[in-house]
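1. predicted model and sequence follow; I will ask about them next.
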Amino acid sequence: MSIKGFIGFWSFSGTKPTAKTMGDAYKETITNGVSIDNERYTIVVSKDFLSEISEDSTEIEIGKCDSSEAYSMMTIIKMNKQEFFAKRDHWGTRTLYYCLVNNGFYFSSDIRFILSLPIEGVERYDENALIESATLGYILSQEKTLFAHIKQIPRNFRMSWKDGNFNIDRDTILSGDKDRFNSFDDAYEAFSATFKEVVASAAGIKGAKAFLLSGGMDSSALAIAASESIGKIDTISFASENNTEDVYFAKQLATCIKSNHTIIRFDETKALYKLPEFLNSIENLELEGIFSPLGGFAYYLLCDEVKKMGYEIIFPGEGADEILGGYYWQLTHTFGFVDRLKSLTKHTNVQTVINTMFPDTEERSFYREMAYYFLQGTALTNYHLSCVEHSAKAFDMLNYPTFMSGSLYKVIKDVPMEWLCDGDKTKLLLRCFLLSYLSDIGLAELVTRKKQAMPSVVPNSFNRQINALALMGAELSKNPYSDILKGNKASILMLDIFHKYYTLRPLEKIDLDEWRDDVERIKRNEYFIHW
């Protein structure tokens, strides 16, 4: 079930690198893996991949497990002596990176493996990606990574080399039929039935399962449907002094569905020393922007604890907001959301893109729908899905975003916007589903209250600690990208840490003592990194 990673090379001309080149880069992370050396390609895969290998072809499937629904959330790679083909799933749940070279291209499940190869300039940062990350909190361009020469196949795209041509093309797009349902009730019935089927299908995956229960609508709906399919499930909440109300409602629901419920407490001391590990695992930066970066960090810390408890599969509520119209920005703060996007990207080339997406208008419903599709784009792929997927993968667990299933989206894409959020309430379909269960057990308030969300798990005191550390660290930092990062102290510190502990040594494990010493250096206003 666990997935470590792979790296490969496919040649345009038949001139391959030596297997030793990639073997050396990968040897510290692979255990009992397989090295395949063919006429046009060389590939090294970990033992965890379900790979089909024959004399003339190789096939790799990333993310496959025992459920047909899971099969739709995966990357498929096929190659032989004549052609190469790779397909990324509809939502971009499983990443696939590549780097073009003179006689072919490297491809990998992890940036670190490409970054470690002796390719001239491969470690150079993409300044536009840094700008996007520093302003929005994630990389807006689907094909980019933080590194100029390392790209990713965008979600729902396919990559191929055949008959002398290298292409990256969009796969089939599921267009919506807004006349499919005659009424909201018809749409709800289709959603409810499909949601139950999807959860039941996911419940059949083999392995110890943990259902994250945050006290909000998304995770609650998932836990209710799972308890109906499986019976007694295991639920887990992440708690701190900041999210006591969330934890209260999670515990109340757990009691009602009779789940085995565990509450994990945020450990402030441990969290500080997990920061470089977190950046290494997600292979990206968590900066300021439209999302709180603390949510991703909290998810990573939670995955660490969940793995220690012996679980192999995590079921989060990720993706429900983007698919079901759940962000409050799409309602009373619709204009505020767009104004904030334009303000954050001011004086950068990102603002041109934002202005094109959101032209000036007084029509609130127009902005609401545009915000909906904007949040389904790279906000979902390059922020939420990437972060939660890599966080689970860091601890050899499978992350299963149930709301992203293909069959569920086939229903949602046909639902008119006003039936998803009407200007007063968000996630109308999910509200109806929950109220059909919660009203009878006295927990209807769970649906109507405002959840504090994952970033709230991180205590205010820890947030202040990070900001204070960033303020001290940025004072002496010689980060050459300070201006691009708009002088933001937290962004400068994150890139300093990322550069020292990841870019300069991508395959090395974090030395905890070294990071502890660096923290003390920062506190003493001493320089801790050489650019």
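-> Cool, got the structure.
2. does residue 174 really touch residue 411, like I thought?
-> No. Contact between residue 174 and residue 411 fails when scored by C-beta atoms under 8 Å: they sit 10.9 Å apart. Using the backbone N, CA and C atoms, a C-beta is placed for each residue, glycine as well.
3. next, the buried residues of stretch 487-501.
-> Of the residues in stretch 487-501, those buried by neighbour count under the rule 16 or more other C-beta atoms under 10 Å are 488-501.
4. at which residues are the strands of the stretch 251-400 of the chain located?
-> Taking DSSP state E, counting those that start in this stretch to define them, one finds strands in the stretch 251-400 of the chain at 260-265, 313-315, 398-399.
5. distance of residue 261 from residue 212?
-> Distance from residue 261 to residue 212, counting by C-beta to C-beta, to the nearest Å: 11 Å.
6. when those two are compared, which one has more neighbours?
-> residue 212 (24 against 19; other C-beta atoms under 10 Å).
7. and the more buried one, backbone torsions?
-> Summarising the backbone geometry of residue 212 under the convention degrees, to the nearest 10, its torsions are phi -70, psi 130.
8. do the same with residue 241
-> Geometry field for residue 241 lists phi and psi as phi -70, psi -20, criterion degrees, to the nearest 10.
9. ok, it - contacts?
-> Residues in contact with residue 241, defined by C-beta atoms under 8 Å, 6 or more residues apart in numbering, are residue 459.
10. same thing with residue 117?
-> Residues in contact with residue 117 (C-beta under 8 Å, 6+ apart) are 21-22, 25, 99, 106.
11. go through those and name the one with the lowest pLDDT.
-> Taken together, the contacts of residue 117 show their lowest pLDDT at residue 25, with 72.
12. what is the neighbour count of the nearest residue to residue 327 once chain neighbours are set aside?
-> In space, not counting the residues next to it along the chain, residue 327 is nearest to residue 321; the distance is 5.4 Å by C-beta to C-beta, 6 or more residues apart in numbering. Residue 321 is flanked by 26 other residues according to other C-beta under 10 Å.
13. residue contacts, residue 321?
-> Residue 321 sits next to 218, 327, 375, 426-427 when contact means C-beta under 8 Å, 6+ apart.
14. check residue 506 too.
-> 111-113, 115-116 are the contacts of residue 506 under C-beta under 8 Å, 6+ apart.
15. ok, for it, nearest residue in space, not its chain neighbours?
-> Nearest residue to residue 506 in three dimensions, chain neighbours excluded: residue 112, at 3.8 Å (C-beta to C-beta, 6+ apart).
16. doesn't residue 281 make contact with the one you found?
-> No. No contact is recorded between residue 112 and residue 281 when judged using C-beta under 8 Å, the distance being 10.0 Å.
17. just to revisit the earlier point, and for residue 261 and residue 212, which residues touch both?
-> With the criterion set as C-beta under 8 Å, 6+ apart, the overlap between the contacts of residue 261 and residue 212 is 235-237.
18. out of the residues you listed, which are inside helices?
-> Counting by DSSP state H, no part of the shared contacts of residue 261 and residue 212 is found in helices.
19. re the thing from before, any chance of the contacts of residue 321 in TSV with neighbour count, pLDDT and distance to residue 202 as columns?
-> What follows is the contacts of residue 321, written out as TSV (neighbours: other C-beta atoms under 10 Å; pLDDT from 0 to 100; distance: C-beta to C-beta, whole Å):
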residue	neighbour count	pLDDT	distance to residue 202
218	23	95	14
327	20	81	24
375	23	85	24
426	20	89	24
427	22	93	20
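20. ok, so of the residues you listed, who is nearest residue 124?
-> Distance to residue 124 across those (C-beta to C-beta) is lowest for residue 375, with 30.6 Å.
21. pick the one among the buried residues of stretch 487-501 closest to residue 89.
-> When the buried residues of stretch 487-501 are compared for distance to residue 89 (C-beta to C-beta), residue 498 wins out at 26.7 Å.
22. my read: the closest one touches residue 287, true?
-> No. Distance between residue 498 and residue 287: 10.3 Å, which falls outside the contact criterion (C-beta under 8 Å).
23. any chance of the strands of the stretch 251-400 of the chain in TSV, plus mean pLDDT and distance to residue 515?
-> Shown next, in TSV, are the strands of the stretch 251-400 of the chain (pLDDT from 0 to 100; distance: least, C-beta to C-beta, whole Å):
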stretch	mean pLDDT	distance to residue 515
strand 260-265	96	23
strand 313-315	93	26
strand 398-399	88	26
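24. for these, which one ends up most surrounded?
-> A comparison of the strands of the stretch 251-400 of the chain by mean neighbour count, using mean count of other C-beta atoms under 10 Å, puts strand 313-315 on top with a mean of 24.
25. can you list the strands that it pairs with?
-> strand 209-212 (parallel), strand 398-399 (parallel) (DSSP bridges).
26. list of residues touching that strand?
-> 1, 202, 205, 207-212, 222, 226, 303, 306, 392, 397-400, 402.
27. ok, residue 71 - contacts?
-> Neighbouring residues of residue 71 by C-beta under 8 Å, 6+ apart: residue 64.
28. got any ranges where this structure has weak pLDDT?
-> 1-3, 28-32, 48-51, 66-68, 329-336, 361-362 (pLDDT under 70).
29. show me the domain layout of it.
-> The chain is divided into the following domains under automatic domain parsing: 6-170, 184-456, 460-523.
30. most widely separated two among the contacts of residue 321?
-> By the measure C-beta to C-beta, 218 and 375 form the most distant pair in those, at 14.3 Å.
31. and residue 174 and residue 411? which has more neighbours close in?
-> residue 411 (20 against 13).
32. ok but the more buried one is inside a strand, no?
-> No. The assignment for residue 411 is helix, going by DSSP: H, G, I helix; E, B strand; the rest coil, so no strand is present there.
33. that one reaches residue 189, doesn't it?
-> No. Taking contacts as C-beta under 8 Å, residue 411 lies outside contact range of residue 189: 9.9 Å.
34. residue 178 is nearest to which of the domains of the chain?
-> Distances from residue 178 to each of those were compared by C-beta to C-beta, and the smallest falls on domain 184-456, at 5.2 Å.
35. measure that closest one end to end?
-> Domain 184-456 has its terminal residues 34 Å apart, counting by C-alpha to C-alpha, to the nearest Å.
36. longest helix in the chain, by residue count?
-> Ranked by residue count and defined by DSSP H, the top helix of the chain is helix 184-203.
37. name the nearest of the shared contacts of residue 261 and residue 212 relative to residue 75.
-> Comparing these against residue 75 with C-beta to C-beta places residue 236 closest, at 27.8 Å.
38. check contacts around that closest one.
-> 210-213, 261-264, 302, 306, 309.
39. circling back to that earlier point, among the strands of the stretch 251-400 of the chain, which is nearest residue 164?
-> Shortest separation from residue 164 across those is recorded for strand 398-399, at 38.2 Å, computed as C-beta to C-beta.
40. so what's residue 138 up against?
-> With contact set as C-beta under 8 Å, 6+ apart, residue 138 has these partners: 132, 284, 289, 291, 378-379, 382-383, 386.
41. that one should be in a helix, yeah?
-> No. Residue state for residue 138 (three-state DSSP) corresponds to coil; a helix is not indicated.
42. distance-wise, check it relative to residue 412.
-> Distance from residue 138 to residue 412, by C-beta to C-beta: 23 Å.
43. for residue 101, same thing?
-> Using C-beta to C-beta, residue 101 is found at 41 Å from residue 412.
44. now residue 432
-> Note on residue 432: its distance to residue 412, by C-beta to C-beta, is 14 Å.
45. now swap in residue 525 and tell me
-> The span separating residue 525 from residue 412 equals 52 Å under the rule C-beta to C-beta.
46. please apply the same query to residue 282.
-> Relative to residue 412, residue 282 is positioned 27 Å away (C-beta to C-beta).
47. of the two, who's got more company?
-> Ranked by neighbour count (other C-beta under 10 Å), residue 282 and residue 412 place residue 282 first, with 23 against 19.
48. got the contact list for that one?
-> Residues near residue 282 by C-beta under 8 Å, 6+ apart: 296, 300, 386-387, 390-391.
49. closest one of those residues to residue 149?
-> For the contacts of residue 282, the closest approach to residue 149 (C-beta to C-beta) belongs to residue 386, at 19.1 Å.
50. sounds good, over and out.
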